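predicted coordinates and the sequence they were generated for:
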Amino acid sequence: MGCMMQIMTMSHNIYIHVPFCIKKCQYCAFFSRACANPDWDEYARKIITEIRYFGDMLGKITVPTIFFGGGTPSLVPTDIFARIIDEIRGNFNLVTDAEITLESNPGTLSTTRLKEFCDAGVNRLSVGVQSFDDNKLQFLGRIHTKDDALRLINAGLNSGIRVSGDFIYGLPGENADDVIKTCKMINNLGISHCSMYELTIEENTPFGRMNLDMPPNETMAEMYMAIAENLKLSRYEVSNYATPGHECRHNQNVWDGDAYIGIGDGAAGRIFMNGTWYEELGGKKLLKPMTNDMRAIERIITGMRTKRGVLLDDDILHVMNIEFAKSHPNMLTFNGNRISATDNGLLILDDLITKLVK
Ligand SMILES: C[S@@+](CC[C@H](N)C(=O)[O-])C[C@H]1O[C@@H](n2cnc3c(N)ncnc32)[C@H](O)[C@@H]1O
Ligand code: SF4
C-alpha cells in the first residue's frame, strides 16, 4: 500500500496566502483586509494545521516551490515565517534548490527583515513597485514612494537573491510613451523578472466606484506592444517577462498544470491523489474531484497564457478544436507537441480560448 501511494502521488508546489495589508490600495480586489496588527500566532496556528492536514493526506511528497502571496506576505514576522518553513520541511520533502518566493510591499520590508526572510529560505523576492512616479503611487493608494521600492530592489539584488518587480500600466491619461519610460527604468535596474499588469477596474473597489476615464482599448494595445518592444526581458506569459532561465518556477508549474496545495484562507489548490485530480479550497479543506475534461480545459486556459503553450496530450486533444487551431496560423502556432498563441493571438486571448475549446 505504501509503495502504491508513492506511485500514485506526484510533486506538489505550495501556495501560502497572507490575507493582510497595511491599507487596501484603490484598485485591489485581492482577498485581503487592512489590518495593522493581525494576530500572527493565530495565523501561524491555522497555517501549520493545514500543512499537517495535507502532510497526513499526501505523505512526504516532493515540494519544488513555495510561493507566499497576498495580501502582503512581507508583513509576516520573520520568526513565524521560519516556523512555517520548518513545518513544511518536516511534513514534506522540500527539494534542496526549492524556489521560495516572498511577495512584498516596499512599505513593509527593511533590509534587516529581508535578510531574516532570506535566512529562513526566501530566494526570490517579488517587489510591488507599481510605478516610478510618486504622484501615481499616491493615486493608486500605495503606502510607499518610488525610492522605497528602489531601496528594496537593491537590497534584494545585493543579497544575491532573484528579484522581480510588479508594475501597473494603463492608468487614466497614460499612453505608450509612459510605459516606454517605465521599461527603460526597469532595464537599468538589473532585475531578471517583472510582471506588467494592465490596470483592471474591479467592482467593489474605490476605483470601481470612481468612473475613471481609462485609456481606450487601442491605446492599451499600443502599450502592451510597447512593453515587449522596449523591455530587455522576454515575455513568457501574458503579463510576465524574464531573462531566459529566470521565469517564476512556481507560476510556470501551475500554468503548466502541475499540482499545488493552497494554504490559508482564500487560497485555492489542485491536488493529485491516488490517480484523481481534486479542486481544493484552502482553509475549508474541501476537495472536489475533477473530471479529465475539466482539468484539460483548465490547462488550456492557463497554458495558453504562456509562450511555452499547452502540451497536446490525449486529454487536451479530447477537448480542443484542432481544426480551428490549424486554420488560424496568425493566432495560434504549433511547436513540436505543443500549441501556443502568437503575439496577435495573445491580444485576443479570451476570445481565442473560447473558440479553441470544443
Ligand atoms: C498581491 S499583490 C503584490 C504584493 C503586495 N501586496 C503589493 O501590492 O505590493 C499582486 C500584484 O497584483 C497587481 N494588481 C492587483 N490588483 C490589480 C488591478 N486591479 N489591476 C492591475 N494590477 C493589479 C499589483 O501589481 C500587485 O503588485
Ligand atoms: S495591491 Fe497588494 S498591498 Fe495593495 S491592497 Fe492589494 S494585496 Fe494589498
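It's in. Numbers count the residues shown, from 1 in each chain. Ligands and ions are numbered 1, 2, ... in the order given.

from now on I want contacts and neighbour counts done on CA atoms only, so please keep to that.
Fine.

near ligand 1, which residues of the chain show up?
Neighbours of ligand 1 within the chain, by C-alpha under 6 Å from any ligand atom: 27-28, 69-72, 103-105, 128, 130, 166-168, 197-202.

count of neighbours near G160?
Counted with other C-alpha atoms under 10 Å, residues neighbouring G160 total 12.

ok but it is inside a helix, no?
No. With DSSP: H, G, I helix; E, B strand; the rest coil as the criterion, G160 is coil rather than part of a helix.

ok, now how distant is it from I191?
Separation of G160 from I191 (C-alpha to C-alpha, to the nearest Å): 11 Å.

likewise for I80?
28 Å.

what does I180 give?
Distance from I180 to I191, by C-alpha to C-alpha: 17 Å.

domain-wise, how is the chain divided?
Split into domains by automatic domain parsing, the chain comes to 2-252, 292-358.

hey, where'd the helices end up in the stretch 151-300 of the chain?
All helices of the stretch 151-300 of the chain, identified by DSSP state H, counting those that start in this stretch, fall at 176-189, 217-230, 249-255, 292-303.

what would these look like in a markdown table with distance to H17 and mean neighbour count?
Shown next, in a markdown table, are the helices of the stretch 151-300 of the chain (distance: least, C-alpha to C-alpha, whole Å; neighbours: other C-alpha atoms under 10 Å):
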| stretch | distance to H17 | mean neighbour count |
| --- | --- | --- |
| helix 176-189 | 27 | 17 |
| helix 217-230 | 29 | 17 |
| helix 249-255 | 14 | 19 |
| helix 292-303 | 20 | 19 |
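
switch the ones you listed over to JSON lines; also include distance to ligand 2 and mean pLDDT.
Output for those, formatted as JSON lines (distance: least, C-alpha to the nearest ligand atom, whole Å; pLDDT from 0 to 100):
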{"stretch": "helix 176-189", "distance to ligand 2": "19", "mean pLDDT": "98"}
{"stretch": "helix 217-230", "distance to ligand 2": "20", "mean pLDDT": "96"}
{"stretch": "helix 249-255", "distance to ligand 2": "17", "mean pLDDT": "97"}
{"stretch": "helix 292-303", "distance to ligand 2": "21", "mean pLDDT": "96"}
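
now these in JSON lines, with distance to V122?
Below are the helices of the stretch 151-300 of the chain laid out as JSON lines (distance: least, C-alpha to C-alpha, whole Å):
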{"stretch": "helix 176-189", "distance to V122": "21"}
{"stretch": "helix 217-230", "distance to V122": "29"}
{"stretch": "helix 249-255", "distance to V122": "13"}
{"stretch": "helix 292-303", "distance to V122": "26"}
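
who wins for proximity to I143 among these?
Nearest to I143 among the helices of the stretch 151-300 of the chain is helix 176-189 (19.7 Å), distances taken as C-alpha to C-alpha.

what helices or strands is the closest one leaning on?
In terms of contacts (3 or more C-alpha pairs under 8 Å, 6 or more residues apart in numbering; DSSP states H and E), helix 176-189 is packed against helix 217-230.

now the helix it packs on against helix 176-189, angle please.
If you take axes from the mean of the first three to the mean of the last three C-alpha atoms, to 10 degrees, helix 217-230 sits at 30 degrees to helix 176-189.

output the contacting helices and strands for helix 217-230.
By 3+ C-alpha pairs under 8 Å, 6+ apart, helix 217-230 packs against helix 176-189.

can you tell if stretch 129-148 touches ligand 2?
No. Residues of stretch 129-148 contacting ligand 2 under C-alpha under 6 Å from any ligand atom: none, with a closest distance of 6.6 Å.

got a markdown table for the domains of the chain, with distance to I263 too?
As requested, the domains of the chain are exported to a markdown table (distance: least, C-alpha to C-alpha, whole Å):
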| stretch | distance to I263 |
| --- | --- |
| domain 2-252 | 5 |
| domain 292-358 | 20 |
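
nearest to G264 among the ones you listed would be which one?
Closest to G264 of those, according to C-alpha to C-alpha: domain 2-252, at 5.1 Å.

which helix or strand in the protein has the lowest average pLDDT?
Lowest on mean pLDDT, DSSP states H and E among the helices and strands of the chain sits helix 2-8, with a mean of 45.

excluding chain neighbours, what is closest to the residue of the stretch 101-250 of the chain found nearest ligand 2?
Proximity to ligand 2, evaluated over the stretch 101-250 of the chain using C-alpha to the nearest ligand atom, is greatest for N105 at 6.0 Å. Leaving aside its chain neighbours, N105 sits nearest to G128 (5.2 Å; criterion: C-alpha to C-alpha, 6 or more residues apart in numbering).
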